[in-house]
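Chemist: Structure for this input, please:
(chains A, B, C and D)
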There are 4 protein chains.
Amino acid sequence: MASSFGRIFKLTTWGESHGPALGVVIEGCPAGIRLDVSDIQRELDRRRVGQSAVTSPRNEGDRAEMLSGVFEGVTTGAPISLITYNRDVDSSKYEPLRDVFRPGHADYTYWAKYGHRDHRGGGRSSARETWGRVAAGAIARKVLASVGCEVYGFAREIGGIAMETFDRGEIERNLVRCPDPVAAERMVAAIGEAKAGNDSLGGIVEVRGTGVPVGLGEPTFDKLDALIGQAMLSIPAVKGVELGEGFAVVRSRGSEANDSFYVDGGRVRTRTNNAGGTLGGISSGEDVVVRVAVKPTSSVAQDQQTVDTRLEPRTILVEGRHDPSVVPRAVPVAEAMLALVLADLLLLNRAARIGWEG
Amino acid sequence: MASSFGRIFKLTTWGESHGPALGVVIEGCPAGIRLDVSDIQRELDRRRVGQSAVTSPRNEGDRAEMLSGVFEGVTTGAPISLITYNRDVDSSKYEPLRDVFRPGHADYTYWAKYGHRDHRGGGRSSARETWGRVAAGAIARKVLASVGCEVYGFAREIGGIAMETFDRGEIERNLVRCPDPVAAERMVAAIGEAKAGNDSLGGIVEVRGTGVPVGLGEPTFDKLDALIGQAMLSIPAVKGVELGEGFAVVRSRGSEANDSFYVDGGRVRTRTNNAGGTLGGISSGEDVVVRVAVKPTSSVAQDQQTVDTRLEPRTILVEGRHDPSVVPRAVPVAEAMLALVLADLLLLNRAARIGWEG
Amino acid sequence: MASSFGRIFKLTTWGESHGPALGVVIEGCPAGIRLDVSDIQRELDRRRVGQSAVTSPRNEGDRAEMLSGVFEGVTTGAPISLITYNRDVDSSKYEPLRDVFRPGHADYTYWAKYGHRDHRGGGRSSARETWGRVAAGAIARKVLASVGCEVYGFAREIGGIAMETFDRGEIERNLVRCPDPVAAERMVAAIGEAKAGNDSLGGIVEVRGTGVPVGLGEPTFDKLDALIGQAMLSIPAVKGVELGEGFAVVRSRGSEANDSFYVDGGRVRTRTNNAGGTLGGISSGEDVVVRVAVKPTSSVAQDQQTVDTRLEPRTILVEGRHDPSVVPRAVPVAEAMLALVLADLLLLNRAARIGWEG
Amino acid sequence: MASSFGRIFKLTTWGESHGPALGVVIEGCPAGIRLDVSDIQRELDRRRVGQSAVTSPRNEGDRAEMLSGVFEGVTTGAPISLITYNRDVDSSKYEPLRDVFRPGHADYTYWAKYGHRDHRGGGRSSARETWGRVAAGAIARKVLASVGCEVYGFAREIGGIAMETFDRGEIERNLVRCPDPVAAERMVAAIGEAKAGNDSLGGIVEVRGTGVPVGLGEPTFDKLDALIGQAMLSIPAVKGVELGEGFAVVRSRGSEANDSFYVDGGRVRTRTNNAGGTLGGISSGEDVVVRVAVKPTSSVAQDQQTVDTRLEPRTILVEGRHDPSVVPRAVPVAEAMLALVLADLLLLNRAARIGWEG
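Modeler: Numbers count the residues shown, from 1 in each chain, chains lettered A, B, ... in the order given. As a prediction, this is how the structure comes out:
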């Protein structure tokens, strides 16, 4: 089971939802970056459960310890190991699920593939694994900051309610991370309703990279688009990803879809950004714009039809502490994945040309 | 510039649109597979330009030569090298584009990244590179056939016209590869109209894997979904990808989106397939269902505003032989990419368990 | 700074000599293997310092904690994280070495490459990093045991004293891990003498794989020989590696060097094993035989001429707790590296042939 | 069967000894390098058989065609494909060897691993595969030249005759590539004698990198030493590799083995170079010095005992055109491998530090 991502700036995550600890090792972080564990904790706190009424009440703590790779506050180039010990873990609720496959979850496929699995809280397949992604993403952001590049994200739509206005300053001010405060209120209400009905909601997360240098991405299989595709579809519950106008572009004509070039202050720009910041798989310098489809949480406290490991039919009701919508918490995870892709390609890009440093 | 894809079954493509030849090297193909160059040519012929009124008139020939890896009709496990020499290449029409950036193309980003580029026919960024993908995909299909797995695809929508009926037998009977013959006729007409107006159309391609064994995909970053995401977004002109219900699932509730399990003939199945054949990033045995958004061809014979390498404004009109819609030809490419992902994960899966062979 | 090794069975080590902890993450371990932390501790104890008069007195403890990847005593296929917290760490002796380059050590090259480094105890370049290799190697041994393959090693030569007899049972009975008890005594005496003279000794370690299945190794760059070469030369202090007759074979003739085939009990064997168990980079079923040259410990308590980070000349005397010869402790490390290579190639080999399971 | 080497500057070789063609694809070559096919042909000519009385009379031609990656004489960053068509191929002599395992060759292990193999001229296991390595190495040399780094090699010892003097200018003046013209004459005579006796000789090749920048190599598993180990032991017939003093260092004491630092013209140097140009796996700026043990050619025209695919005993006499010693031709191959490792690490090193370009 490979659990690594990246070519140069690479992370490897480990740990199970109800195991003793979870962690991540980051290889290939350049030396010379000022890094404090608080830089990482800040992002982890944005991902944390138990933040609000719209998320799961489990109090994970999620406190990161940094065990290597930084000396006297500066990265040394050595692997950075981050760990968090699991606290507040109650596995007893999962005991009845030991031999049964929850619909929408990885229980069946893990069992079929590996034969033996840790069923507690989804084990390795739990979204708790994203802890390491967000932690590593915080370091990737530091790498990006060295060239003035930044990543942010927000909820575009939840339960069919779409944002209609955009104010970046609003994003972190509401529980659902929506840049439209009016839509945000409606989203919160919808989530509450779904929860009351023992159901869950999906939505669309958008993440953007700003200040992205021109030239990131390898032209064939490691296109910026392609690595973003892998990164986003590796997030639990994500079922679709698009760049720029994405699926909508299929209904426009070529003459409309093309972004015209012009020069602004000595820099090549495009008048529109239908492409979402990439051309031929390489960043163009315009904002990288990515949207991901997040399915409604699979754990719903309703009776569901399923089977067990003896292939007998079973009716189950999944208890436990679950987010009625993971969309708000998916925002920092999707941001982290975009930051990881961009940081990796930034470092890789240094090898593209002879004499480029000059 | 990395140009490889795959972990065990790996392809590396090379070649430029107007260079002397293009090719692909496939590493990791298992020994013992009966393989004839005609198996490959058949798929290449489906991808070929000059097939019909709806595609570019360039006659590429595209004849594959197989130079290694097969002995007396059977693979040996050694790398398989496939090559096609470019014929019918006329680069003169590209001379005026040597120093100018075509909107929607990779001209600007390649220039910015590499400093020096082959501008003729898009050089390395040309969709002609997909020749090697389709060739390698034909071999991947043979690997999949050994376990009864198959891949096919079709055009779901072109220029806003969506299919309404599905008859798999119809797909290869019409010029646009649409399983709905009525929609197909309307699509053909729309493409003709767009062409007459010097414009182009986009659309949606769907590809499916059938008979996919349970267990393909690595749980974290190399999820089946994630590798499909990378694979599809590495295809030129693709701007979005989704699995199963994809973006539509964000508007359903968890209780609706979950696919219930049941047992059919000793095999675990799901009653619906909203997930598109994957659970937790691992194939469930249901059909793998993937849709990709293909943008309208960027080369349109209309005046477009742009700039050149001296950063001066320019108005250009892109001539040359271009598909008014690449959707029909994108079908075999997307099929190939799905076949490549599945074959690679199939081989990788052999290492998942001790004693699994038993 | 990449710190990973392996294609399928892959380890990533992290941690510095005087940091809070060290660890290793193992990806790709197959599910279904019975594994207890004591299986790992046993090998770690063989590597531990403070074992005897011939090794460093530092009491590292080296207690492994297993934090993931094993559920109810059996591997799940998920990444296995192992950690040990550093105890008994006294960095004060390294303070005078903060800005000076110890001859024979990595101080200068790390400083030149990374600009900023953890100088305490060699930081990342310390042989303490091999803790994770031995831990991961213990798991690799379990994978190998599933096919009856085993790895062992011994000291062949220390300080110019070579073994003359071979009794495998003697190896772990003496302080230097020499299969010749008479030579062992002389080696112990020589090490004592070197230590008394504030000097150190090198030697030759031999490791062998027995019961190795035929077919391990990829024919071109990932030959069994080549990966062993990488593995062994990645061990600190190793300056040479050879297989079978190795450097000695250059003085024999082809007619002598070739190992003749015969059949023994339905199995193809060779009458001699000059090749050391590989042919064309693939295991032949004969014992894999590897020898590595271990240089004398670089830390010697004598005055040495060097320079510092201001490029000023300095005379230094390296204090601290150092092995007068690392050869005995290099044995379990070299064993681990061989086990890791073999386990990885064993898993990779499952993809070599269609129908091979049959 | 993986056939790739390198992390950023990566080559993939393909082709069989008696197939229609052989070739190599080089990914990751930076854009902006002036490159002509004659740069490559020059190195290939040094490797070619049929150069002299001491090598095989087969006239391979070996003419390289460059099919991609270079536009108007300058690399574009795109994959570079090089191909040579096999001429002068006579497979009839191999027909009697179709079902029999030649001692010292890969026949048995390929058969056991893959089930089906191209027996003609050794198929994929032939040293003819090194054509692509030398071709790729020629391009790696261009990358290295951009920083003033160079690679050269020579025969140190053949058939027990060792060089005693060193004059770099002599190397390419004699048939065996020995820097000592007197030893060279004796080596030529010894090879002639061995050939007359239907036998073959081994020897030691030394390769050196000069002008190597400080900082190449990743500290743990991708040490410069380790990658050189993999590179050299991936060359057919190589059975050992050592750096600097290598195996000889095991008999010196630490106080002798350490290379003292001093400053020369503002640059940190060592007074001796026992380490062979690496410290902690990273280049120190001193010459990189590598020696490899080349076994005597396995094909000898004498009766040899072996078995066939039915596991029956057989006596065989291997005919065909074979070098009585491959040492002289191994020189450019070992040079190429060193150049490839250094070029790859040079590009990788660009990602080591933030702000290092400044």
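
Chemist: Any residues of chain A in contact with chain D? List them.
Modeler: A:8-9, A:28, A:30-33, A:77-78, A:143, A:146, A:219, A:347-348, A:350-357 (CB under 8 Å from any CB of the partner chain). Yep, even glycine has a C-beta here, placed from its N, CA and C like the rest.

Chemist: And the residues you listed, which of them are buried?
Modeler: A:8-9, A:28, A:30-33, A:77-78, A:143, A:219, A:347-348, A:350-354, A:356 (16 or more other CB atoms under 10 Å in any protein chain shown).

Chemist: Pretty sure A:V238 sits against A:A330.
Modeler: Yes. Under the criterion of CB atoms under 8 Å, A:V238 makes contact with A:A330 at 7.5 Å.

Chemist: Need the overlap of contacts for these two.
Modeler: A:292, A:294 (CB atoms under 8 Å, 6 or more residues apart in numbering or on different chains).

Chemist: anything in the longest helix along chain A near chain B?
Modeler: With secondary structure taken from DSSP state H, chain A has its longest helix at helix A:327-349. Yes. Using CB under 8 Å from any CB, we find that helix A:327-349 touches chain B at A:N349.

Chemist: picking that back up, which of the residues of chain A next to chain D fall in helices?
Modeler: A:143, A:347-348.

Chemist: And the residue of the stretch 251-358 of chain A that's closest to chain B?
Modeler: In the stretch 251-358 of chain A, the residue found nearest to chain B is A:G280; the distance is 2.2 Å by CB to the nearest CB.

Chemist: and that residue, what pLDDT?
Modeler: pLDDT, A:G280: 97.

Chemist: and if you look at A:A301?
Modeler: pLDDT, read off for A:A301, is 88.

Chemist: Who are the contact partners of it?
Modeler: A:198, A:317-319.

Chemist: Please apply the same query to A:D225.
Modeler: A:217, A:243, A:278, A:281, B:233-234, B:238-239.

Chemist: What of A:P236?
Modeler: So A:P236 contacts A:125-127, A:129-130, B:280 (CB under 8 Å, 6+ apart).

Chemist: again, but for A:Y85
Modeler: A:20-21, A:63.

Chemist: my guess is A:D323 contacts A:V300, does it?
Modeler: No. Checked against CB under 8 Å, the pair A:D323 and A:V300 is beyond contact range at 11.2 Å.

Chemist: Mutual contacts of the two, please.
Modeler: Counting by CB under 8 Å, 6+ apart, the residues touching both A:D323 and A:V300 are A:S200.

Chemist: ok, those two, which is more surrounded?
Modeler: Neighbour count, other CB atoms under 10 Å in any protein chain shown: between A:D323 and A:V300, A:V300 has more, with 27 against 23.

Chemist: and that one, how far is that from chain D?
Modeler: 45 Å (CB to the nearest CB, to the nearest Å).

Chemist: Just want to check the distance between A:M163 and D:I8.
Modeler: Separation of A:M163 from D:I8 (CB to CB, to the nearest Å) stands at 41 Å.

Chemist: I'd like to know how many residues surround the closest residue to A:L317 other than its chain neighbours.
Modeler: Nearest-residue entry for A:L317: A:D303, 5.5 Å, with adjacent residues in sequence omitted and distances by CB to CB, 6 or more residues apart in numbering or on different chains. By other CB under 10 Å, the residues close to A:D303 number 11.

Chemist: Equivalent analysis for A:G132, please.
Modeler: With other CB under 10 Å as criterion, A:G132 counts 27.

Chemist: any weak-confidence spans in chain A?
Modeler: A:49-60, A:320-321, A:355-358 (pLDDT under 70).

Chemist: measure A:G280 to B:P236 for me?
Modeler: 8 Å.

Chemist: what's the closest non-adjacent residue to A:G77?
Modeler: The nearest residue in space to A:G77 (CB to CB, 6+ apart) is A:A31, at 3.6 Å.

Chemist: now swap in A:S146 and tell me
Modeler: D:I354 (5.2 Å).

Chemist: try A:E245
Modeler: A:N274 (4.6 Å).

Chemist: Isn't the one you found up against A:V249?
Modeler: Yes. Here A:N274 reaches A:V249: they are 6.2 Å apart, a contact under CB under 8 Å.

Chemist: Pick out whichever of the two has more residues nearby.
Modeler: A:V249 (24 against 21).

Chemist: Contact partners for the residue nearest to that one when sequence neighbours are not counted?
Modeler: Excluding the flanking residues, the one nearest A:V249 by CB to CB, 6+ apart is B:K295, at 4.8 Å. Contact partners of B:K295, counting by CB under 8 Å, 6+ apart, are A:245, A:249-250, A:254, A:257, B:104, B:202, B:237-239.

Chemist: try 7 Å this time
Modeler: For B:K295, the contacting residues are A:249-250, A:257, B:202, B:237, B:239, by CB atoms under 7 Å, 6 or more residues apart in numbering or on different chains.

Chemist: Can I get those residues in TSV including secondary structure?
Modeler: Listed next are those as TSV, based on DSSP: H, G, I helix; E, B strand; the rest coil:
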residue	secondary structure
A:V249	helix
A:V250	helix
A:A257	helix
B:G202	coil
B:A237	coil
B:K239	strand
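
Chemist: Quick check: phi and psi on the closest residue to chain B within the stretch 51-200 of chain A?
Modeler: Going by CB to the nearest CB, chain B is nearest to A:A106 of the stretch 51-200 of chain A, at 2.2 Å. A:A106 has phi and psi values of phi -90, psi 10 when expressed as degrees, to the nearest 10.

Chemist: and the nearest residue to it once chain neighbours are set aside, how many residues sit next to it?
Modeler: Nearest residue to A:A106, sequence neighbours excluded (CB to CB, 6+ apart): B:G280, at 2.2 Å. Other residues near B:G280 come to 27 when the count uses other CB under 10 Å.

Chemist: and if you look at the one 3 residues further on?
Modeler: B:S283 has 27 neighbouring residues, counting by other CB under 10 Å.

Chemist: can you pull the contacts of it?
Modeler: B:212-217, B:224, B:277.

Chemist: Apply 10 Å and report the result again.
Modeler: Counting by CB atoms under 10 Å, 6 or more residues apart in numbering or on different chains, B:S283 touches A:109, A:112-113, B:149, B:209, B:212-217, B:224-225, B:277, B:342, B:345-346, B:349.

Chemist: Repeat that for A:A136.
Modeler: A:5-6, A:9-13, A:24-26, A:29, A:40, A:43, A:80, A:82, A:336-337, A:339-340, A:343.

Chemist: would you say it is within a helix?
Modeler: Yes. Per three-state DSSP, A:A136 lies within a helix segment.

Chemist: which residue sits closest to it, ignoring its sequence neighbours?
Modeler: A:L11 (4.0 Å).

Chemist: Now for that neighbour, how many residues are close by?
Modeler: 29.

Chemist: Closest one of the contacts of A:D225 to A:G169?
Modeler: Nearest to A:G169 among these: A:L243, at 25.1 Å, using CB to CB.

Chemist: beta partners of the closest one?
Modeler: Beta bridges link A:L243 to A:V290 when assigned by DSSP bridges.

Chemist: which residues touch it?
Modeler: With CB under 10 Å, 6+ apart, A:L243 has these contacts: A:223-225, A:228-229, A:232, A:249, A:274-278, A:288-291, B:233, B:238-241, B:293.

Chemist: try it again with 7 Å
Modeler: A:225, A:228, A:276, A:278, A:289-290, B:239.

Chemist: which among the residues you listed gets closest to chain C?
Modeler: Using CB to the nearest CB, those come closest to chain C at A:I228, 23.0 Å.
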